[in-house]
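Enquirer: Just to be clear, the model below is a prediction. Sequence and coordinates:
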Amino acid sequence: MSKIVIVDDDPQMSRLLRTLFELEGFEVFVAQRYQDILPTIQQARPDAVLMDVRVQGRETLDLVRQMRQERVLTNIPVVMTSGMDYRRQCLEAGANCFLPKPFIPDEVVQIIGTLLKPTESSIR
């Protein structure tokens, strides 16, 4: 079973994404508070992370940079999301891809699935 960490401080969005990924067979971990993000990722050791660029008014780009510095986290695919265009900043920080909000739920599942199968064509 693949594991995913969902990082979003919006409770409705977190619930929606949790349900969506559970229906796809994922074990889901959710971090809604900024201070819980890195510890949740370190403990869960997920196969992928879906992370909002802003959580509780703070940017999460530094957390992606930290992940890329930690040996056990460096290769975990990270998809960043935001209602504003942070594509360049996210990719520069080490995210694998940026998905603008609002997104179609099936699209995010497809992107995560593609990242978990790196032999397929690359995305965004």
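Expert: Thanks, I have it.
Enquirer: Could you measure from the spatially most central residue of the chain over to R71?
Expert: Nearest to the geometric centre of the chain sits L50, at 1.5 Å (C-alpha atoms, centre = their mean). The span separating L50 from R71 equals 22 Å under the rule C-beta to C-beta, to the nearest Å. Glycine gets a C-beta too; all of them are placed from N, C-alpha and C.
Enquirer: Show me which residues of whatever helix or strand I37 lives in are buried.
Expert: Using DSSP states H and E, I37 sits in helix 37-44. Burial within helix 37-44, assessed by neighbour count using 16 or more other C-beta atoms under 10 Å, is assigned to I37, L38, T40, I41, A44.
Enquirer: Can you tell me what sits against it?
Expert: The contact list for helix 37-44 (C-beta atoms under 8 Å, 6 or more residues apart in numbering) reads 3, 5, 7, 29-31, 49, 51, 55, 60, 63, 66-67, 70, 72-73, 76.
Enquirer: Render the CA-only coordinates of that helix in PDB, please.
Expert: Below are the C-alpha coordinates for helix 37-44, written out as PDB (Å, rounded to 0.1, in the frame of the first residue of the first chain):
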ATOM      1  CA  ILE A  37       4.500  19.000   8.600                       C
ATOM      2  CA  LEU A  38       8.200  17.800   8.800                       C
ATOM      3  CA  PRO A  39       7.700  15.500  11.800                       C
ATOM      4  CA  THR A  40       4.700  13.900  10.000                       C
ATOM      5  CA  ILE A  41       6.700  13.300   6.800                       C
ATOM      6  CA  GLN A  42       9.700  12.000   8.800                       C
ATOM      7  CA  GLN A  43       7.500   9.600  10.800                       C
ATOM      8  CA  ALA A  44       5.300   8.400   7.900                       C
END
